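Student: quick one: sequence and predicted model below, then my questions.
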Amino acid sequence: LPELVTLITDFGLKDSYVGAMKGVLKTLAPDLEVIDISHEIPSQDVAAAAWVLNGAYPYFPDHTVHVVVVDPGVGTDRKGVAVDTNQGSFIGPDNGVFSGILSTHKGAKIVALENPKLMREKVSSTFHGRDIFAPAAAHLCLGTPLGDFGEGVADPVILEMWEVEEGQNELVGHVVHVDRFGNSLTNLSRDMLVKEGKELSQIRTGDHRFSSIRKTYGDTPSGEAAVLLGSNDMLEIAVTGGDASSRLGIKRGDKVLVRWE
Amino acid sequence: LPELVTLITDFGLKDSYVGAMKGVLKTLAPDLEVIDISHEIPSQDVAAAAWVLNGAYPYFPDHTVHVVVVDPGVGTDRKGVAVDTNQGSFIGPDNGVFSGILSTHKGAKIVALENPKLMREKVSSTFHGRDIFAPAAAHLCLGTPLGDFGEGVADPVILEMWEVEEGQNELVGHVVHVDRFGNSLTNLSRDMLVKEGKELSQIRTGDHRFSSIRKTYGDTPSGEAAVLLGSNDMLEIAVTGGDASSRLGIKRGDKVLVRWE
Amino acid sequence: LPELVTLITDFGLKDSYVGAMKGVLKTLAPDLEVIDISHEIPSQDVAAAAWVLNGAYPYFPDHTVHVVVVDPGVGTDRKGVAVDTNQGSFIGPDNGVFSGILSTHKGAKIVALENPKLMREKVSSTFHGRDIFAPAAAHLCLGTPLGDFGEGVADPVILEMWEVEEGQNELVGHVVHVDRFGNSLTNLSRDMLVKEGKELSQIRTGDHRFSSIRKTYGDTPSGEAAVLLGSNDMLEIAVTGGDASSRLGIKRGDKVLVRWE
């Protein structure tokens, strides 16, 4: 049974919202352990939440439940979902926060959170973190099967920037995050960049072209732009000792093209 | 026995203060679990601490110990107190941080923290969070009865803004919090707003008058002011898609009058 | 066996870095408990990390493992180290973050983190917190003896500002931290300030001279500078109700001289 529940929200830590969620979790399932990942996601920034989740979940035990509450559509008819993969379970709104997980785990089981018995008795229209998502995580920890929460969801929301188009000699991904140093991180992983029997010939974003992937930052003269594999094994565009995003005019959502020959 | 200890402070997270308190807690009572609610209460803002505590404690298990350290009077003769209710125990300075708890739980047992055996051996004049409050919380978790801490406290400090005056056809509460969206939240709960056999006729704050309580934000045209019940079931004054506090000139501490006929 | 792991980093809480470290810890050693001390150390400020660690570790159980990741030299040939004392174990880069611990615990055992079997399989050049330090802390919790990590380290890095020169009638320490109120805190502890059979005659920093140590802030007229023992029992220079650092022109690293006669 899962016993670890992580939290990613945009609630900040000045208010009682995070505390209320932790209280609900510990009341329903006293043995679970709550772990804060981040409560400083920029307000309503679904793509930022997807990025942070993606950088953290692979390092947790497979039985962890990750709860993500960045939820600009709370109170509308957007669904709440539970996602089950072999690298953890995920609870949150169906608005793209799970884009990374769903592109990696194509066969994940996804259900809508529809069963009122697995929610707080009174559900507010503004705080599903406390009333629906925290209870769902607690019930997963208590052993409630996924099917009890609701119907399967066939077409969950995936942000366009998390899509990867694969051609025969080509791959198109996107910049999914610009970090505080201005490094532009993509959704293209090390594995995707190896094509047996073929040689990488070009990486391009906007007007910027690169002919190879550098091994480390140390290989690059200061001030020069380069592509390399970051600490997550994802392709990134960086300027040694500088700000690649502003220097090269790269922003989140930009396409990144990889070509082989 | 309690096993959960939550923390609300204005210490921020740049310093060692929160760490020192956690260390004292885990040294005295290794089995307790520490849960952060907030360390970002604005410096010395007792009313903000009272508000955050009020939004979090009802969701925790009844055996939780909540420690609140927002303590501008540390080192003066203000008392430290332990409060026992059927919805948790509370440890902190007697300066109004427990206003919400004490208005809700009229019969709560309150004692002063006076017993030096239940403090750190050397008590500083500037850091009672570490030297008095964290040890008191740990000792509660270890089973020390409330009476061992000190004498009963008959008239604990309650902030004026947390008082509710009840007349026969009238109720006067206050705005106790303005959130980051400018919504003005009061200390008037859903229960207080129902008077059997009578009909609500007016809600008034300053020059602003409302004749009914809206069901949801969705019922209100954008830009219009309304009163409704927030996610905590407390009356709030909001402007759909706007900032009620600055638009209507409402601030923390303002009176809110409810009238029936 | 240790079961508590504390974290001090400069990662902030907007990114996935802290989450990734927690995931690695809980994957390797599911029974350990992670406690956040601070993730808001100013970026790459080794001296600030040393100060925060020093204010927190003495209050934790002796079997705690403290992990500090403020690591401007990551990817260079600076060592990673594990330090063992009778007041806890410490894991982090050998760059001065352990200055306070090492000046207090002269006989501490220190080893380099060199054993690849006790790291993540693939070690990035930019994120040793996740790939080396978190695994090392987990392995300490699992009972791995210190000697298994690597060779002894004879001359660990100690920041100059943490050194104390002792003469026969003289002592020279430094300001190691300026807090948010402008109080200037030194590395001179209460014990160092007592010399049997001698009387303290002067404390000096820059041009400022003090002839005695005040008991409390309350003893000092408002606006006047004074030296006193702070809540950590360390000598500090303060201006009652004012900012000693800017008023007296004191900054981190400044020498503080104590003289007896």
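Tutor: The structure has been received and is ready for your questions. Every value quoted in this text rests on a predicted model; they were computed, and no experiment measured them.

Student: make it CA atoms for all contacts and neighbour counts henceforth
Tutor: OK.

Student: what's the spacing between residue A:59 and chain B?
Tutor: 22 Å (Cα to the nearest Cα, to the nearest Å).

Student: now the residue of the stretch 151-261 of chain A found nearest chain C. Its backbone dihedrals?
Tutor: At 5.6 Å from chain C, residue A:231 is the closest residue in the stretch 151-261 of chain A, using Cα to the nearest Cα. Dihedral pair for residue A:231: phi -70, psi -10, per degrees, to the nearest 10.

Student: find the nearest non-adjacent residue to it, please.
Tutor: Distances taken as Cα to Cα, 6 or more residues apart in numbering or on different chains put residue C:124 closest to residue A:231, at 5.6 Å, once the chain neighbours are dropped.

Student: before we move on, the earlier item: pretty sure the residue of the stretch 151-261 of chain A closest to chain C sits against residue C:126.
Tutor: Yes: between residue A:231 and residue C:126 there is a contact under Cα atoms under 8 Å: 6.4 Å.

Student: still on that earlier bit, tell me which element the residue nearest to residue A:231 is part of?
Tutor: Residue C:124 belongs to no helix or strand when assigned by DSSP states H and E.

Student: from the structure, what's the count of residues near it?
Tutor: Applying other Cα atoms under 10 Å in any protein chain shown, we find 20 residues neighbouring residue C:124.

Student: so how far is residue A:94 from it?
Tutor: 33 Å (Cα to Cα, to the nearest Å).

Student: which other residues reach stretch A:195-215?
Tutor: Under the criterion Cα atoms under 8 Å, 6 or more residues apart in numbering or on different chains, residues A:193, A:220, A:226-229, A:248, A:250, A:254-261 lie in contact with stretch A:195-215.

Student: one more time with 7 Å, if that's ok
Tutor: With contact meaning Cα atoms under 7 Å, 6 or more residues apart in numbering or on different chains, stretch A:195-215 is reached by A:226-228, A:255-261.

Student: what about whichever residue of chain A sits closest to chain B, neighbour count?
Tutor: The nearest approach of chain A to chain B comes at residue A:23, 3.9 Å away (Cα to the nearest Cα). Residue A:23: 26 surrounding residues under other Cα under 10 Å.

Student: before we move on, what about residue A:224?
Tutor: Here the number of neighbours of residue A:224 (other Cα under 10 Å) works out to 12.

Student: pretty sure it contacts residue A:240?
Tutor: Yes: with contacts counted by Cα atoms under 7 Å, residue A:224 reaches residue A:240, the gap being 6.0 Å.

Student: please identify the helix or strand for residue A:48.
Tutor: Residue A:48 belongs to helix A:46-56, assigned by DSSP H and E.

Student: report the buried residues of the helix or strand just after that helix.
Tutor: Sequence order places strand A:65-69 as the next helix or strand after helix A:46-56, per DSSP H and E. Buried residues in strand A:65-69, defined by neighbour count with 16 or more other Cα atoms under 10 Å in any protein chain shown: A:65-69.

Student: cool, and stretch A:253-261?
Tutor: Applying 16+ other Cα under 10 Å to stretch A:253-261 flags A:253-260 as buried.

Student: can you list the residues of chain A near chain B?
Tutor: Selection of chain A residues close to chain B by Cα under 7 Å from any Cα of the partner chain yields A:13-16, A:18-20, A:23-24, A:26-27, A:124, A:126-127.

Student: which one of those is nearest residue C:104?
Tutor: residue A:13 (34.9 Å; Cα to Cα).

Student: wait, isn't that closest one in contact with residue B:42?
Tutor: No: the criterion here is Cα under 7 Å, and residue A:13 misses it with residue B:42 at 11.0 Å.

Student: can you tell me, leaving aside adjacent residues, what's nearest to the residue of the stretch 51-200 of chain A found nearest chain C?
Tutor: As assessed by Cα to the nearest Cα, chain C sits closest to residue A:60 within the stretch 51-200 of chain A, at 3.9 Å. Distance criterion Cα to Cα, 6+ apart; nearest residue to residue A:60, sequence neighbours excluded, is residue C:23 at 3.9 Å.
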